[in-house]
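Q: generate a structure from the sequence data that follows.
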Amino acid sequence: MQENEQVNINTNRSELLSLSFRDLFYKYVRFLPLFLLSVAFALFIAYIYLRYATPIYNAGGTMLIKSDQKNGAGNDKFEDVFVNSRNSNIQSEIEVLKSKPLMERVVKKLNLQFNYYVIGKIKTINIYKQGPFLVEPVEISDSSRSFSWKIKFLNDHQFRVNDDKTIISFGQYFKNSNGLFRITRNPYGGISREYNVTYQPAYASAGAYAGGLQINPKTPGTGILLISEECLFCHPGISDQSNLKRIPPRYMRPNAS
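A: Next up is the predicted model:
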């Protein structure tokens with residue numbers, strides 16, 4: 001029995017090796033439509049995934065923590081950076097850089113309390129400041145409380161906020177329960193029909209961005225730090241190096257990137 005099976009296997013192998021390219025082509029060409037359909041379906045799934053997946057943005061740079069101790073020699077920079085770094089508590093500086101008060105200053109400087117979302121048919125996208133308008137707060141009733149608006153555009157110049165039937169134009173001041181505001185035109189792109197605008201207190205936004213901040217020594221025993229920021233639910237503009245450059249100059253080298 002085993003000998004017969006071995007003979008059949010050898011026979012089938014010999015027949016397969018004896019087939020020419022033309023024979024193989026006509027043998028499997030009938031499966032070509034199924035193959036093309038499978039490839040098209042895989043490409044379609046890949047496009048859908050790339051179109052609607054939430055991207056992760058990352059920005060990084062280097063930072064030099066200088067020692068407060070001044071050496072008498074004029075050419076002791078190498079020693080100051082690489083040898084006498086024990087004079088500065090690097091770990092303490094890292095904790096200060098990752099602290100919420102420092103990140104709050106970044107949030108306020110970049111006005112990250114306001115987030116802008118364009119409402120699509122399937123997905124709502126954070127457009128940071130690259131949308132067609134910007135909110136300018138004149139007076140906020142309670143800056144420690146979050147709020148959100150739904151803005152519906154009637155045309156390229158006029159819109160409504162939430163369910164209020166009052167028609168507002170760009171540059172016009174308007175008042176609601178959240179305070180006094182003005183919405184100005186931003187030159188980026190065209191205007192869609194619906195947007196969401198959310199406001200968070202600076203300390204809440206700072207906590208979210210501080211969570212994505214990573215700071216580590218480039219080489220143990222030195223004052224050079226690698227700093228990076230990772231942002232998941234945001235536009236690349238939020239996670240670019242502008243955030244890193246907003247860290248107070250006390251910590252940054254002039255050529256930090």
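Q: now do the SS call for Ile48.
A: helix (DSSP: H, G, I helix; E, B strand; the rest coil).
Q: can you count the residues close to it?
A: 11 (other CB atoms under 10 Å). C-beta: built from backbone N, CA, C; applies to glycine.
Q: pLDDT value on it, please?
A: At Ile48, the model reports a pLDDT of 90.
Q: against Thr54, how distant is it?
A: According to CB to CB, to the nearest Å, Ile48 stands 13 Å off from Thr54.
Q: by mean pLDDT, flag the weakest helix or strand of the chain.
A: Least confident helix or strand, the chain: helix 241-245 with a mean of 48, by mean pLDDT, DSSP states H and E.
Q: domain-wise, how is this protein divided?
A: The chain breaks down into these domains under automatic domain parsing: 2-52, 57-108+206-245, 114-199.
Q: tell me where the stretch 1-150 of the chain is predicted with low confidence.
A: Within the stretch 1-150 of the chain, the segments meeting pLDDT under 70 span 1-20, 67-88.
Q: for it, which segments count as helices?
A: For the stretch 1-150 of the chain, the helices defined by DSSP state H, counting those that start in this stretch cover 2-18, 21-28, 32-52, 77-82, 90-97, 100-110.
Q: I figured Asn162 hits Ile168, correct?
A: No - using CB atoms under 8 Å as the test, Asn162 is too far from Ile168 to be in contact (11.1 Å).
Q: which one of those two has more residues nearby?
A: Ile168 (19 against 11).
Q: how much space is there between the more buried one and Val138?
A: Ile168 is 14 Å from Val138, by CB to CB.
Q: also Phe174?
A: Counting by CB to CB, the gap from Phe174 to Val138 is 10 Å.
Q: quick one: common contacting residues for the two?
A: Counting by CB atoms under 8 Å, 6 or more residues apart in numbering, the shared contacts of Phe174 and Val138 are Leu180, Phe181, Arg182.
Q: now go through these and say which are in strands.
A: If you go by DSSP state E, those have Leu180, Phe181, Arg182 in strands.
Q: most neighbours out of those, which is it?
A: Phe181 (21 neighbours).
Q: just grab the bridge partners of that one for me.
A: Pro137, Phe174 (DSSP bridges).
Q: that one and Phe133 touch, don't they?
A: No - Phe181 is beyond contact range of Phe133, at 11.3 Å (criterion: CB under 8 Å).
Q: for Asp23, grab the count of nearby residues.
A: Neighbour count for Asp23, taken as other CB under 10 Å: 11.
Q: meant to ask about Gln113
A: 22.
Q: how much space separates it from Tyr209?
A: Separation of Gln113 from Tyr209 (CB to CB): 11 Å.
Q: overlap in contacts, the two.
A: With CB under 8 Å, 6+ apart as the test, Gln113 and Tyr209 both reach Val107.
Q: low pLDDT regions in the stretch 151-257 of the chain?
A: Using pLDDT under 70, the flagged stretches of the stretch 151-257 of the chain are 221, 232-257.
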